[in-house]
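[1] Just the structure for this:
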Amino acid sequence: MNTLEHFGAHVAGAAAAGLSNPVRELLRLHLADTVAAWVAGAHTHEGRELLAVAAKGDAGPMGAGLMGRVMLHCAVTRLSEIDDIHLAAGTTPGAVIVPAALSIAAALGDTGGAALEEAVCAGYDAMVRLGEEMGGASILYRGIWPTYFNAPFGAAAVASRLLGLDDKRTAHALGLALVVASPNVGQQSGKMARWLLLGAAARNGVMAALAAQEGFTADLALLDKPFHSVYGLTIDGARLLANLGKRAAVLDVAFKPWCAARQTMAAAQGLKELLEEGLDPSGIEAIKVAVPPAYLGMVNHGVIPGERGSHMTSLPYQLVLAALAPETMYRLDYAPAPTPAEHQALLARISVEADEKLMEYFPRAWPASIEVRARAGGGQRLVTEIPGDAGRPLDESQIRDKCRRVFSPLLAAPSAVSLCDAALGVLDRPEGVNKLLQQIESCYPR
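    Below you'll find the model as predicted:
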């Protein structure tokens, strides 16, 4: 068998051995975490704009029914920037896999329980393994968006498993998904379609599975040839398949502890720890941060008042929030215009530089070192893992706390608790998928 046939057999036979309790428990947490990102993302400015497009129904680019639901739900989840992430793969799988799985399962009539968890697990395997084999964490800085590229492949795996496709048709679905994959969304300005296109990529993966179900075929040797050489990508089939089925990829997927670009978080965590030890933020005279050169250019910039993306990706501004307004780090739409004077003053005292030595941790970790000079002391930290990483995992109580913080400005407390409970329990209630999806959609802004 070739690489795609092997991978198709893995996805189609995901139920054969069953999932271990640790994997199943972790899937519960990722489901709840993703639902929090999903609902909160819908309440952002960009999320409301996507909802307006979806409201156009059959006349709009999202259309209606299953395909439109997948497109919308994945788009609003991913734009949240508080969804999960696999560092080495450079992919954010939960934002594609979980909304696609719930949407498809609901359309099939509450296909939940074991079928749902096996499909979600297979989807994580697909997005993470392909992303890691592509060198996702590194190619991101060449202008290739790994999540966008791998979204069709992951969604196709989820759809194939839930549709019950056999080995061969699943392989064809995965192959069809690969040929509709695209590396990036281009340079955009104005009302960026980045999130809309991400949703479309997930939709294309579902389309690939539906096409394979009807007998459409793909080149199953695709991954055994020079793969997308026009993009400078290579895939080693043996590495892609290594230990497939022996270790679930979701075990290595990290949670984000707050809303920001993950590349900014190690430095912010270091400052948080210094503050917890007694550092007085009002006495900070200078902060010096070093990051791997791979992503210095992405995070070393100021902010544009009112522009959400610039605030989430600015490492200096994330340090300002950690020091002066930590409660806002869970507010997905926080982009003040104008920038508060106190924030501007601290921004001017922060510098960020590249340190080649930190590349020894990358891409398995996205580290930072931080040195703070203050009127009364200061301190320094090297942070290689943050809360939510595999080495510092979050438990159910911490996921619930994150959901509470994210939901608090958006939903009444009883609704927030009910939604979190429903997401955590859906794997135990095969009939609960439709109810959960309806509950999520009822939380969308009107």
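[2] who touches the residue sitting nearest the centre point of the chain in this structure?
    Most central in the chain under Cα atoms, centre = their mean is T92, positioned 2.7 Å from the mean C-alpha point. T92 makes contacts with 78, 83-86, 147, as judged by Cβ atoms under 8 Å, 6 or more residues apart in numbering. Backbone N, C-alpha and C define where each C-beta goes, glycine included.
[3] at 10 Å instead, please
    By Cβ atoms under 10 Å, 6 or more residues apart in numbering, the contact set of T92 is 34, 37, 77-78, 80-81, 83-86, 127, 131, 146-147, 150-151, 198, 253-254, 256, 262.
[4] do the same with S369
    For S369, the set of contacting residues under the criterion of Cβ under 10 Å, 6+ apart consists of 266-267, 270, 288-291, 353, 355, 357-358, 380-384.
[5] Model confidence at the residue nearest to F7 when sequence neighbours are not counted, what's the number?
    When the adjacent residues along the chain are set aside, F7 lies closest to L174, with 6.0 Å between them (Cβ to Cβ, 6 or more residues apart in numbering). What the model reports for L174 is a pLDDT of 97.
[6] Also F216?
    Residue-level confidence at F216 comes out at 97, pLDDT.
[7] swap in the one 5 residues further on?
    Confidence per residue is given as pLDDT, and for A221 that number is 91.
[8] what's near enough to touch it?
    Shown in contact with A221 (Cβ under 10 Å, 6+ apart): 2-5, 175, 237.
[9] cool, M359 as well?
    292-294, 367.
[10] from those residues, which ones fall inside strands?
    Mapping the contacts of M359 onto strands (DSSP state E) picks out no residues; all lie outside.
[11] Turn the residues you listed into a markdown table, including neighbour count, pLDDT and distance to G164.
    Converted to a markdown table, the contacts of M359 look like this (neighbours: other Cβ atoms under 10 Å; pLDDT from 0 to 100; distance: Cβ to Cβ, whole Å):
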| residue | neighbour count | pLDDT | distance to G164 |
| --- | --- | --- | --- |
| P292 | 23 | 98 | 44 |
| P293 | 15 | 96 | 47 |
| A294 | 18 | 94 | 41 |
| P367 | 23 | 98 | 43 |
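[12] from those, which is closest to L210?
    Within the set of the contacts of M359, A294 lies nearest L210; the separation is 37.9 Å, counting by Cβ to Cβ.
[13] The closest one touches A365, doesn't it?
    No - contact criterion Cβ atoms under 10 Å: A294 and A365 do not qualify, at 11.9 Å.
[14] what about L241, neighbour count?
    Using other Cβ atoms under 10 Å, L241 has 17 other residues around it.
[15] Leaving out sequence neighbours, find the closest residue to it.
    Ranked by Cβ to Cβ, 6+ apart and with sequence neighbours excluded, the top spatial neighbour of L241 is H6, at 5.3 Å.
[16] what about the helix or strand encompassing the one you found, distance to the chain center?
    Assignment of secondary structure by DSSP states H and E places H6 within helix 3-12. Between the mean C-alpha location of helix 3-12 and the chain-wide mean there is a distance of 24 Å, by Cα atoms, centre = their mean, to the nearest Å.
[17] now stretch 31-51
    Taking Cα atoms, centre = their mean, one finds the center of stretch 31-51 at 12 Å from the center of the full chain.
[18] ranges for the helices of the stretch 151-300 of the chain?
    Residue ranges of the helices in the stretch 151-300 of the chain, as given by DSSP state H, counting those that start in this stretch, are 167-179, 194-213, 237-241, 265-276, 296-299.
[19] Send over the third one as CSV, restricted to the C-alpha atoms.
    Pointing back at helix 237-241 there. The C-alpha atoms that make up helix 237-241 are tabulated as CSV, following Å, rounded to 0.1, in the frame of the first residue of the first chain:
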residue,chain,number,x,y,z
GLY,A,237,5.7,8.9,3.8
ALA,A,238,7.5,6.7,6.3
ARG,A,239,7.9,9.5,8.8
LEU,A,240,4.2,10.5,8.3
LEU,A,241,3.1,7.0,9.1
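[20] mind giving me the domain split of this protein?
    3-256+392-442, 262-383 (automatic domain parsing).
[21] Please identify the most buried of those domains.
    When neighbours are counted by mean count of other Cβ atoms under 10 Å, the highest per-stretch mean among the domains of the chain falls to domain 3-256+392-442, a mean of 21.
[22] element containing the nearest residue to K435 once chain neighbours are set aside?
    The spatial neighbour of K435 that comes closest, neighbours along the chain excluded (Cβ to Cβ, 6+ apart), is A422 at 6.9 Å. For A422, the element it lies in under DSSP H and E is helix 413-425.
[23] Likewise for F149?
    With secondary structure defined by DSSP H and E, F149 is part of helix 146-163.
[24] average model confidence for that helix?
    Per-region confidence: helix 146-163 scores 97 on mean pLDDT.
[25] packing partners for it?
    Contacts of helix 146-163 with other secondary structure elements, assessed using 3 or more Cβ pairs under 10 Å, 6 or more residues apart in numbering; DSSP states H and E, are made with helix 3-12, helix 65-78, helix 94-107, helix 113-133, helix 136-139, helix 167-179, helix 194-213.
[26] relative orientation of the last one and helix 167-179 in degrees?
    Right, helix 194-213. Comparing the axes of helix 194-213 and helix 167-179 via axes from the mean of the first three to the mean of the last three Cα atoms, to 10 degrees yields an angle of 150 degrees.
[27] tell me what helix 194-213 is packed against?
    Of the remaining helices and strands, those touching helix 194-213 by 3+ Cβ pairs under 10 Å, 6+ apart are helix 45-54, helix 65-78, helix 94-107, helix 113-133, helix 146-163, helix 167-179.
[28] now the longest one against helix 146-163, angle please.
    Yep, that's helix 113-133 we're talking about. Our comparison of helix 113-133 with helix 146-163, counting by the same axes, to 10 degrees, yields an angle of 150 degrees.
[29] so how far is helix 113-133 from its chain's centroid?
    Averaged over its C-alpha atoms, helix 113-133 has a centre that lies 13 Å from its chain's centre (Cα atoms, centre = their mean).
[30] And for the second one?
    When distances are taken as Cα atoms, centre = their mean, helix 65-78 is centred 14 Å away from the chain's centroid.
[31] okay, and the common contacts of A294 and A365?
    With contacts defined as Cβ under 10 Å, 6+ apart, the residues shared by A294 and A365 are 137, 358.
[32] Correct me if wrong: G215 contacts R169.
    Yes - taking contact to mean Cβ under 10 Å, the distance of 8.0 Å between G215 and R169 places them in contact.
[33] and the helices and strands packed on helix 146-163 as TSV, adding distance to S415?
    Formatted as TSV, the entries for the helices and strands packed on helix 146-163 read as follows, by distance: least, Cβ to Cβ, whole Å:
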stretch	distance to S415
helix 3-12	35
helix 65-78	18
helix 94-107	18
helix 113-133	23
helix 136-139	36
helix 167-179	36
helix 194-213	25
